[in-house]
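Enquirer: Fold the following and give me the result.
(one chain, ligands or ions: 2)
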Amino acid sequence: MSKKIVVALGGNAILTDDASATAQQKALLETAQYLAEFIIQGNQLIVSHGNGPQVGNLLLQMAGGSTDKNPAMPLDTDVAMTQGSIGYWLQNALGRVLREKGIDRDVATVVTQVLVDANDQAFINPSKPVGPFYDEAGMKKAKAANSDFTFVEDAGRGYRRVVPSPRPVGVQEYRTINTMVANDIVPISVGGGGVPVVKEGNQLVGREAVIDKDFASEKLAELVHADQLIILTAVDNIYVNFNKPDQKKLEHVTVAELKRYMDENQFAKGSMLPKVQAAIEFVEKSGGTAVVTSLQNVANYLNDGSGTMITK
Ligand SMILES: Nc1ncnc2c1ncn2[C@@H]1O[C@H](COP(=O)(O)OP(=O)(O)O)[C@@H](O)[C@H]1O
Ligand SMILES: NC(=O)OP(=O)(O)O
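Expert: Residues are numbered from 1 along each chain as shown. Ligands and ions are numbered 1, 2, ... in the order given. Below is the predicted model of the structure:
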């Protein structure tokens with residue numbers, strides 16, 4: 001049966017170790033092969049993606065090359081720029097793969113504005129890692145060059161700059177996304193978590209932040225009444241006791257069980273935790289199902305449901 005599915009792509013779907021445009025386009029061509037399976041099986045697909053590495057790299061490029069006449073752009077504009085660049089690569093790749101498979105389907109990126117609360121405490125507590133990883137010496141050098149940057153240790157993988165990351169409370173373009181889906185167009189939306197905006201009277205005003213793409217994808221899935229939210233990352237399943245000798249893969253898990261594991265701090269902050277929180281929120285608010293698995297496991301998931309499935 002055809003389902004309306006929001007698929008959120010993790011970092012490894014776009015960028016592995018080479019940040020050149022060519023390498024990211026190549027990675028997305030491979031990603032598109034996996035995504036095409038959802039369409040081949042008759043589902044209505046909406047794609048979202050992250051931008052943490054890309055927007056951080058853009059900030060560094062801006063900082064390095066800006067002058068009074070060629071100023072660096074604010075972070076909300078940088079998010080829009082990465083929505084555009086990654087969206088272009090992805091719509092190009094998925095369109096090509098679908099045509100190669102004989103499927104005539106438009107794929108189009110929507111620069112998406114995501115509403116946030118101007119008083120969200122996240123604005124004064126930066127927490128979202130962006131850009132490259134640094135070792136300790138590299139981090140100290142980057143901090144010396146940019147005294148207003150904040151860095152944190154990111155899940156044992158090195159140091160990264162962090163920026164504010166407010167929670168999404170709405171998606172301005174969700175009706176556009178639904179119209180596209182109803183007309184057989186595959187939308188790419190809330191890329192990089194969406195451009196953070198706040199409502200001021202009739203205006204939507206950009207705010208300097210990077211929204212978590214798992215939370216933004218959840219909000220979009222809720223608003224378009226998706227049947228499923230699928231979060232694709234580098235692991236086939238969510239685990240308890242992850243990376244320990246007694247690690248256990250979660251296959252079918254209820255929200256109540258997942259909340260218990262969350263209370264035991266089983267999920268790393270800034271990596272698996274937001275996915276778990278987004279999955280719980282979607283299932284609770286929509287009654288649909290959420291899935292966390294890897295890109296490479298998509299065909300298996302579509303065949304036999306393998307991956308971690310979260311239900312009420
Ligand atoms: N309990 C857990 N179960 C599975 N993976 C976990 C867990 N805790 C942390 N992780 C790590 O979280 C990673 C996913 O987070 P991240 O790489 O930040 O996501 P994204 O794919 O969105 O870029 C996994 O690849 C894994 O290394
Ligand atoms: N915006 C965002 O959440 O990006 P990443 O998933 O790449 O961190």
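
Enquirer: how far does stretch 238-255 sit from the chain's center?
Expert: 22 Å (C-alpha atoms, centre = their mean, to the nearest Å).

Enquirer: hmm, it in reach of ligand 1?
Expert: Yes: residues of stretch 238-255 contacting ligand 1 under C-beta under 6 Å from any ligand atom: I238, Y239, F242. In this view, the C-beta of every residue, glycine as well, is placed from N, C-alpha and C.

Enquirer: What's the separation between the first one and ligand 2?
Expert: I238 sits 16 Å away from ligand 2 when distances are taken as C-beta to the nearest ligand atom, to the nearest Å.

Enquirer: before we move on, what about the second one?
Expert: With distances defined as C-beta to the nearest ligand atom, the gap from Y239 to ligand 2 amounts to 19 Å.

Enquirer: Nearest spatial neighbour of that residue, chain-adjacent residues omitted?
Expert: Once flanking residues are discounted, Y239 sits nearest to Q247: 4.8 Å by C-beta to C-beta, 6 or more residues apart in numbering.

Enquirer: hang on, the earlier thing: could you list which of the residues of stretch 238-255 next to ligand 1 belong to strands?
Expert: If you go by DSSP state E, the residues of stretch 238-255 next to ligand 1 have I238, Y239 in strands.

Enquirer: got a winner among the residues of stretch 238-255 next to ligand 1 for most neighbours?
Expert: Neighbour tally across these (other C-beta atoms under 10 Å): the maximum, 26 neighbours, falls on I238.

Enquirer: Touching, that residue and M272? I think so.
Expert: Yes: using C-beta atoms under 8 Å as the test, I238 is close enough to M272 to be in contact (6.4 Å).

Enquirer: Next, count neighbours for the residue nearest to Y239.
Expert: 11.

Enquirer: Which residues are in contact with it?
Expert: Y239, V240, N241 (C-beta atoms under 8 Å, 6 or more residues apart in numbering).

Enquirer: Repeat that for E218.
Expert: Contacts of E218 (C-beta under 8 Å, 6+ apart): P168, L229, A278, A279, E281, F282.

Enquirer: Tell me what the second one is bridged to.
Expert: When you say that, I think you mean L229. V6, A290 (DSSP bridges).

Enquirer: My read is that it contacts E281, right?
Expert: No: L229 lies out of contact with E281 (C-beta under 8 Å); the separation is 9.1 Å.

Enquirer: So between these two, which is more surrounded?
Expert: Neighbour totals were compared for L229 and E281, and L229 leads with 30 against 20 (other C-beta under 10 Å).

Enquirer: now S271, nearest residue through space, not along the chain?
Expert: With C-beta to C-beta, 6+ apart, the residue lying closest to S271 is A155, at 5.1 Å.

Enquirer: so how far is D263 from the residue nearest to Y239?
Expert: Q247 is 18 Å from D263, where distance means C-beta to C-beta, to the nearest Å.

Enquirer: which stretches of the stretch 151-300 of the chain form helices?
Expert: Per DSSP state H, counting those that start in this stretch, the stretch 151-300 of the chain carries helices over the ranges 174-182, 213-223, 255-263, 272-286, 298-304.

Enquirer: what's the closest of these to ligand 2?
Expert: Smallest distance to ligand 2 across those (C-beta to the nearest ligand atom): 3.6 Å, for helix 213-223.

Enquirer: May I have the closest one as CSV, with CA atoms only?
Expert: Taking Å, rounded to 0.1, in the frame of the first residue of the first chain, the C-alpha atoms of helix 213-223 are listed here in CSV:
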residue,chain,number,x,y,z
LYS,A,213,17.2,18.2,10.8
ASP,A,214,15.7,15.2,12.7
PHE,A,215,13.5,17.6,14.7
ALA,A,216,12.6,19.6,11.6
SER,A,217,11.8,16.5,9.6
GLU,A,218,9.6,15.3,12.5
LYS,A,219,7.7,18.6,12.5
LEU,A,220,7.2,18.4,8.7
ALA,A,221,6.1,14.8,8.9
GLU,A,222,3.5,15.7,11.5
LEU,A,223,2.2,18.7,9.5
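
Enquirer: what about it and ligand 2, any contact?
Expert: Yes: using C-beta under 6 Å from any ligand atom, a contact is recorded between helix 213-223 and ligand 2, made by K213.
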